[in-house]
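Asks: dropping the sequence and predicted coords here.
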Amino acid sequence: MNQLAHSRGRLVTVLSLLLTLLAMVLAAPAPGAPAAAAGSGTGTAGWWDPVARPAPDSQINVTGEPFKGTDAQGQVRGFVDAHTHLMANEAFGGRLICGKSFSDQGIADALKDCPEHYPDGTLAIFDYITNGGDGHHDPVGWPTFKDWPAHDSLTHQQSYYAWVERAWRGGQRVLVNDLVTNGVICSVYFFKDRGCDEMTSIRLQARKTYELQAYIDTMYGGPGKGWFRIVTDSAQAREVVQQGKLAVVLGVETSEPFGCKQILDIPQCSKEDIDRGLDELYGLGVRSMFLCHKFDNALCGVRFDEGGLGTAINVGQFLSTGTFWKTEKCAGPQHDNPIGLAPALAAQKDLPAGVAVPSYAADAQCNSRGLTDLGEYAVRGMVKRKMMLEVDHMSVKAAGRAFDILESQSYPGVISSHSWMDLDWIERVYKLGGFVAQYMNGAEGFSAEAKRTDALRDKYHVGYGYGTDMNGVGGWPGPRGADTPNPVHYPFRSADGGSLIDRQTTGQRTWDINTDGAAHYGLVPDWIEDIRQVGGQDVVDDLFRGAESYLDTWGATEHHQASVDLAAGSSASASSSEWNPFTSYAPGRAVDGNTGTRWASDWSDDQWLRIDLGSTAVVKRVTLDWERAYGRAYRIEVSTDGTTWQSVWSTDSGDGGLDTAQFAGVPARQIRIHGLRRGTDWGYSLHEVGVYST
């Protein structure tokens, strides 16, 4: 027993520094006689009822036909979960999340605890790290479910297929299944039954998602007949939603995609690795993904976690990469979370002798690591493949550069799926045509944030989404209490009014959102009704428009066409060019298509670069890729004759990097970038200028 206690204590020390980072992660019938339409609560079967559900199985506790088709404006309807993890039980070595989303052996096999949790949770180490206490719990799932699933039990399956079915029946029409894992966590966790390679886990989770689709199809009479439909393009998704079914999109959220780890700031992957990885993921059906998550990697720096949790993750970052997070003063109003100002003693004890977590200046809240050259290559690779970029978890510096790249190409494929982006950038997402979802917070907090951003949704005519992050070890809304003045009253009507939703029962356990909170995926409709009670119908209406907005973003991403750069190879002149005996900074270097060359002016204000397109064209957009010597105040001027100039765009708050000037289309043959005030003591210097008609 002393040896066991010592081992357990050692595991706590190691795991607390890496496993706690997950607190913000994330993101065929069984033997026996089949029961037609089991659990639907209706005496007659409809198209939405299976012809042979496994018996025994969970109840659905929803009656009425799911809505189909479009509204009077021809738009699809329904809720969007933009961030969840159906197959997280297959990640992290296979024993971090206990239970499965489905099993050919039936519900008793699917919803059972990990073997090391028996008989009383004594070895449920990850459970007590994430939930406090001593980890003791009743490990029995089916049929009693005494202690799990629960809103604060982070180590047990929350997304059994029948619970997802209830969410679909309650009005959800799009689900993004993020394939997720973390190789470092897997490597240090004592209990596992497989290897820790991240891409191997991603492949397995993708395969299991397709197997879940086939499992559900079997209940409905064969391939293509079930309600769970994996989709790989927006047109297919629209068709699925119009049929009243659930469109399932595959995404990826992992810390080292394509093996892009960095050790002592040295990347462990190449451009070839990135291309191979993106091609493979696309072939698996993946259409959206994160490039970094929790640890800085070879692609980008991360948005920090706060306080003691941030300290623990920072220690994990050091043990994984050889470097701690580094901060700097933010260049703009956006900032990362404050970090590392609270101790995490258990984690810090695992640092090598003489190594300590650095202190950080209170006024330096931004990760100094942004989007690396490899990260930029990955972003542009996703654009080429028409994939959607998840900017949550990126540092402000990395996200800002990613936005710059997407804006320079007018690329709409950007998603913020679960509240891990600086919220001041929501309009920047909407301007591009992207989609925003909020983390599955409690009804009060969710409603307040939804109302704060309501004017932006009205301005851009978009709907809203939520990211449940179920199985993502993040924690979910607790109960508001049976004595709250505005509880959920059962049964209640679905958002479309066509279905009646009662309390959910699985085995011997019945859940009530008022007293149990959001314990599992089947309570998503109850949570939405709780939002209606707290925040009002307007919030729910915005959520009900989510499917249309998400598919608008996806469709615009697919139909995006790379614009023709009218300036490429054009003749150029300038007010001055910096002289250097070893290289040329001539004006033509800014339009030669080579980002390794540049034009540079003399070191004074009131400088200009003029580009002659050769003939008049309608111009709507100009991109400027600044070198370190950038313009703080400058304007874009156009002319058709080289004599009369018109200012079409200006700024006095330029911050360098990649700028995009968009304006109403105007005829122009000559374009002039007129520098009025420098951002540095040097002159003005541009790697490339792009001119576009779209």
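Replies: Perfect, I can see it now. Numbering: from 1, shown residues only.
Asks: Pro139: what's it in contact with?
Replies: Pro139 makes contact with Lys112, Asp113, Cys114, His117, Tyr118, Pro119, Asp120, Gly121, Ala124, according to Cβ atoms under 8 Å, 6 or more residues apart in numbering. The way it works is simple: take the backbone N, C-alpha and C, and place the C-beta from them, glycine included.
Asks: please repeat the previous calculation with a cut-off of 7 Å.
Replies: Residues in contact with Pro139, defined by Cβ atoms under 7 Å, 6 or more residues apart in numbering, are Asp113, His117, Tyr118, Gly121.
Asks: for Asn337, give me the pLDDT.
Replies: On the pLDDT scale, Asn337 is placed at 88.
Asks: so it makes contact with Leu309?
Replies: No: contact criterion Cβ atoms under 7 Å: Asn337 and Leu309 do not qualify, at 9.7 Å.
Asks: that older thread, ok, and the most crowded of the contacts of Pro139?
Replies: When neighbours are counted by other Cβ atoms under 10 Å, His117 leads the contacts of Pro139 with 27 neighbours.
Asks: skipping adjacent residues, who's closest to that residue in space?
Replies: The shortest distance from His117 to any non-neighbouring residue, by Cβ to Cβ, 6 or more residues apart in numbering, is to Pro139 (4.3 Å).
Asks: who has more neighbours, Asn337 and Leu309?
Replies: Per other Cβ under 10 Å, whichever of Asn337 and Leu309 has more neighbours is Leu309, with 21 against 17.
Asks: for the more buried one, which three-state class applies?
Replies: Using DSSP: H, G, I helix; E, B strand; the rest coil, the structure places Leu309 in helix.
Asks: could you measure from it over to Ala342?
Replies: With distances taken as Cβ to Cβ, to the nearest Å, Leu309 is found 8 Å from Ala342.
Asks: before we move on, what about Arg598?
Replies: 44 Å.
Asks: give me the more crowded residue out of these two.
Replies: Between Arg598 and Ala342, counted using other Cβ under 10 Å, the more crowded position is Arg598 (22 against 13).
Asks: for the nearest residue to the more buried one once chain neighbours are set aside, helix, strand, or coil?
Replies: Using Cβ to Cβ, 6+ apart and skipping the chain neighbours, the partner closest in space to Arg598 is His687 (4.7 Å). Following three-state DSSP, the label given to His687 is strand.
Asks: could I get the contacting residues of His687?
Replies: Counting by Cβ under 7 Å, 6+ apart, His687 makes contact with Thr595, Arg598, Asp625, Glu627.
Asks: quick check: of those residues, which has the highest neighbour count?
Replies: Busiest of the contacts of His687 [other Cβ under 10 Å] is Arg598, holding 22 neighbours.
Asks: which ones are touching that one?
Replies: Arg598 sits next to Tyr585, Arg589, Ala590, Glu627, Ser685, Leu686, His687 when contact means Cβ under 7 Å, 6+ apart.
Asks: closest to Thr616 among those residues?
Replies: Proximity of the contacts of Arg598 to Thr616 (Cβ to Cβ) peaks at Ala590, which lies at 20.8 Å.
Asks: distance check, the closest one against Val622.
Replies: 12 Å.
Asks: what touches both of the two?
Replies: Common contacts of Ala590 and Val622, defined by Cβ under 7 Å, 6+ apart, comprise Val689.
Asks: who has more neighbours, these two?
Replies: Counted by other Cβ under 10 Å, Ala590 and Val622 do not tie: Ala590 has more neighbours, with 28 against 25.
Asks: that one against Leu686, yeah?
Replies: Yes: taking contacts as Cβ under 7 Å, Ala590 lies within contact range of Leu686: 4.6 Å.
Asks: which residues do those two both contact?
Replies: Arg598, Trp599, Leu609.
Asks: dump these to a markdown table, plus distance to Leu299.
Replies: What follows is those, written out as a markdown table (distance: Cβ to Cβ, whole Å):
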| residue | distance to Leu299 |
| --- | --- |
| Arg598 | 25 |
| Trp599 | 29 |
| Leu609 | 32 |
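Asks: with respect to Phe228, which of those residues is nearest?
Replies: Arg598 (52.3 Å).
Asks: in the strand or helix carrying Arg203, what's buried?
Replies: In the assignment (DSSP states H and E), Arg203 maps to helix 198-219. Buried residues in helix 198-219, defined by neighbour count with 16 or more other Cβ atoms under 10 Å: 198-199, 201-202, 204-206, 208-209, 212-213, 215-219.
Asks: quick one: average pLDDT of stretch 50-58?
Replies: Rounded mean pLDDT across stretch 50-58 is 96.
Asks: tell me the buried residues in that stretch?
Replies: Per 16+ other Cβ under 10 Å, stretch 50-58 contains these buried residues: Pro50, Ala52, Arg53, Pro54, Ala55, Pro56, Asp57, Ser58.
Asks: likewise for stretch 657-664?
Replies: Gly657, Leu658, Asp659, Thr660, Ala661.
Asks: and for stretch 424-443?
Replies: Buried residues in stretch 424-443 (16+ other Cβ under 10 Å): 425-426, 428-443.
Asks: ok, Glu256 touching Gly183?
Replies: Yes: in this structure Glu256 lies within contact range of Gly183 using Cβ under 7 Å: 6.2 Å.
Asks: show me the helices in the stretch 201-350 of the chain, by range?
Replies: Applying DSSP state H, counting those that start in this stretch to the stretch 201-350 of the chain gives helices spanning 234-242, 271-284, 307-321, 345-348.
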